[in-house]
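1. The sequence isn't on hand, but the structure is:
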Ligand SMILES: Nc1ncnc2c1ncn2[C@@H]1O[C@H](COP(=O)(O)OP(=O)(O)OP(=O)(O)O)[C@@H](O)[C@H]1O
């Protein structure tokens, strides 16, 4: 009996021990489970939070719902991992690849540059606007992909790529093909301006945005910069707002020819963006005039500096030179210094005439010997972008003020340069502050828009690109992250501005940064497109001899010819090798002249353009500034429209 007691005790002990172990195990397990649950919950909350911020706000918008949403995996396999073999081209906002979807459909996939805010905006624009459009003249948007930070858009594939690739290469388009393309683009614009409600302004009409299908019918693409014409913009009449009562005679009918020099009081009223185009007026200038505010410098073959012109305001040239020395390279312009001679007109001559020449009439010099070159063109344009009153970078200059005031000390090169820079600012203030105030521009907003530093950075990058052998025959596109590869004509970022849109030479003069984008802005670009299609060359293109510099600016050259030359001189030499429709070519050039008028309201509207191209309507009266006969009011009032067609 006594021997049983210890055994029962040990049994009790072991049961208790087991229970403790089970309890501990259960506690540990449940704690682990609870911990895992809590961690999962935290992860889930974190993930959904992150996921939500990465989802495009447009995801729930009706346009998105209508469009097909592709997965990144799907597009990745369609393009074979975005392989080089499928690479089509690079634009200002992304890279385009050819792809084959699972259903066998051929598509073009554009991968937007993910780092850029502009890319996000362009993505939303493209999807919201293009996603809504259905027309045989507009490239179809098939779908999109949003994957974390990646943004992709899927378009119908256009086998013959862009018009640019046909116009500026060895391949050639015959006259009929070119004319049909013009008609198609005009119908695309007619659809956008007249059939869409609200109207859509494309904002970037140019050859690389005209895509060609198998039959070489054209479709307008790239709505990244496009804009819906919103309510407050209806009826906005930019020019009558700003210029009425300031131009001689006040009304349009009595206003001077667009190209006629204005006196200094009226010149202040002209939109500073006129300089953007540098599309000089057709009015010949009898005196060779350098921009009174720019001393122009070139280097001859031996590296010796040629100095052209003087500075009324004392400087700015070094600054401009330092900053933009390579722009002629960037534009692919070769200079034959023999063409560059000293202008005979000095600033004092300029004062005598009482006319401000800046931004006007400076490109083309009547006697053909004092032409300025594209460097000046770019300088003038750049100058127009550098609004000192609103550009934070100009403030740096204050640092040099003390140095400037210390006149006893000899100036070093840097000081001289900055002094000129400051004078340039003052001049700019003088020239443009009025306009800015008149337009009630929110200066803070503009300050953000004119980020010179970004421009400088980009300029350096572009220069590097140039050194790396990238084709310098380029168009300047006001877009971010332009890194097209060497086989492609690439766009270049000049500003981070949100409203500065379009492509240099194609953008209308009134649209210089912050004015309204209106239908007539597209009409201007269409005018440039006509000339480019007819001539088969870029709007700004300087070749070494035998082409003279006066022909470098296509628009100016066309305006010159309109005043007494043969418009058919503009026609692409490749077309001249065989028969082409000369009547149609003349009609096109005259139509271009009408579209290129500086006053937007004088440009024909797209409905009329389509009718004119179809032969259903006569050309409008050619602006008397382009008339071969001396400008007179009676010409403008001529009853016979056809008589005014320049031939
Ligand atoms: N749907 C398409 N089908 C075939 N090729 C296309 C299509 N879309 C674009 N491409 C090609 O890809 C190139 C790049 O197009 P993208 O629209 O990105 O830039 P871009 O129009 O050349 O320049 P930017 O964006 O600066 O205006 C075009 O020049 C064109 O040749």
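-> Great, that's in hand. In this text the structure is predicted, and so the values were computed from the model without any measurement.
2. Mind pulling up the pLDDT for the closest residue to the ligand within the chain?
-> Nearest residue of the chain to the ligand (CB to the nearest ligand atom) works out as residue 91 at 1.9 Å. Quick note: C-beta positions are derived from backbone N, CA and C, even for glycine. For residue 91, the pLDDT comes out at 84.
3. Count the neighbours of it for me.
-> 28 (other CB atoms under 10 Å).
4. So it is in contact with residue 225, correct?
-> No. Judged on CB atoms under 8 Å, residue 91 makes no contact with residue 225 at a distance of 11.1 Å.
5. Now name the helix or strand holding the residue lying closest to residue 617 once chain neighbours are set aside.
-> Spatial nearest neighbour of residue 617, chain neighbours left out: residue 611 (3.7 Å); criterion: CB to CB, 6 or more residues apart in numbering. Assigning secondary structure by DSSP states H and E places residue 611 in helix 606-614.
6. before we move on, what about residue 96?
-> Assigned by DSSP H and E, residue 96 falls in strand 94-100.
7. For that strand, list every residue counted as buried.
-> 94, 95, 96, 97, 98, 99 (16 or more other CB atoms under 10 Å).
8. nearest spatial neighbour of the last one, skipping sequence neighbours?
-> Spelled out, that is residue 99. Residue 99 sits nearest to residue 78 (CB to CB, 6+ apart), 3.6 Å away.
9. residues contacting the one you found?
-> 99, 100, 101, 102, 107, 109 (CB atoms under 8 Å, 6 or more residues apart in numbering).
10. on that earlier part again, wait, the residue nearest to residue 617 touches residue 619, no?
-> No. The pair residue 611 and residue 619 fails to qualify as a contact (CB under 8 Å) at a distance of 10.3 Å.
11. neighbour-wise, which of the two wins?
-> Between residue 611 and residue 619, counted using other CB under 10 Å, residue 619 has the larger neighbour count: 19 against 15.
12. Just to be sure, the more buried one is in a strand?
-> No. According to DSSP: H, G, I helix; E, B strand; the rest coil, residue 619 belongs to no strand; its state is coil.
13. Which of the helices or strands spans residue 80?
-> Using DSSP H and E, no helix or strand contains residue 80.
14. who are the neighbours in contact with it?
-> Counted by CB under 8 Å, 6+ apart, residue 80 has contacts 86, 99.
15. just checking, what packs against the longest helix along the chain?
-> Counting by DSSP state H, the longest helix found in the chain is helix 4-54. Packing contacts for helix 4-54, counted by 3 or more CB pairs under 8 Å, 6 or more residues apart in numbering; DSSP states H and E, involve no helix or strand.
16. As TSV, the contacts of residue 78 with pLDDT would be great.
-> Formatted as TSV, the contacts of residue 78 follow (pLDDT from 0 to 100):
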residue	pLDDT
99	96
100	96
101	95
102	92
107	97
109	97
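17. now what about stretch 156-172, what contacts it?
-> Residues contacting stretch 156-172 (CB under 8 Å, 6+ apart): 88-89, 98, 106-108, 139-140, 142, 173, 181, 206-214, 216, 218-219, 221, 473, 489, 532-533, 536-538, 572, 574-575.
18. Same question for that stretch: list its buried residues.
-> 156, 157, 158, 160, 161, 162, 163, 164, 165, 166, 167, 168.
19. These: which ones sit near the ligand?
-> 157, 158, 161, 162, 165 (CB under 6 Å from any ligand atom).
20. Helices - which of those residues land there?
-> residue 165.
21. which parts of the protein sit against the ligand?
-> 88-94, 96, 108, 110, 139, 155, 157-158, 161-162, 165, 204, 208-209, 211, 221-222, 477, 479, 491.
22. okay, now the residue nearest to residue 596 when sequence neighbours are not counted: neighbour count?
-> Of all residues not flanking residue 596 in the chain, residue 527 sits nearest, at 4.1 Å (CB to CB, 6+ apart). Neighbourhood size, residue 527 [other CB under 10 Å]: 27.
23. show me what contacts residue 527?
-> Residue 527 neighbours (CB under 8 Å, 6+ apart): 591, 592, 593, 594, 595, 596, 603.
24. Present the residues you listed as a markdown table; the columns should include neighbour count, pLDDT and secondary structure.
-> A markdown table is the format used below for the contacts of residue 527 (neighbours: other CB atoms under 10 Å; pLDDT from 0 to 100; DSSP: H, G, I helix; E, B strand; the rest coil):
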| residue | neighbour count | pLDDT | secondary structure |
| --- | --- | --- | --- |
| 591 | 25 | 95 | helix |
| 592 | 27 | 95 | helix |
| 593 | 26 | 93 | helix |
| 594 | 22 | 93 | helix |
| 595 | 24 | 94 | helix |
| 596 | 27 | 92 | coil |
| 603 | 25 | 93 | coil |
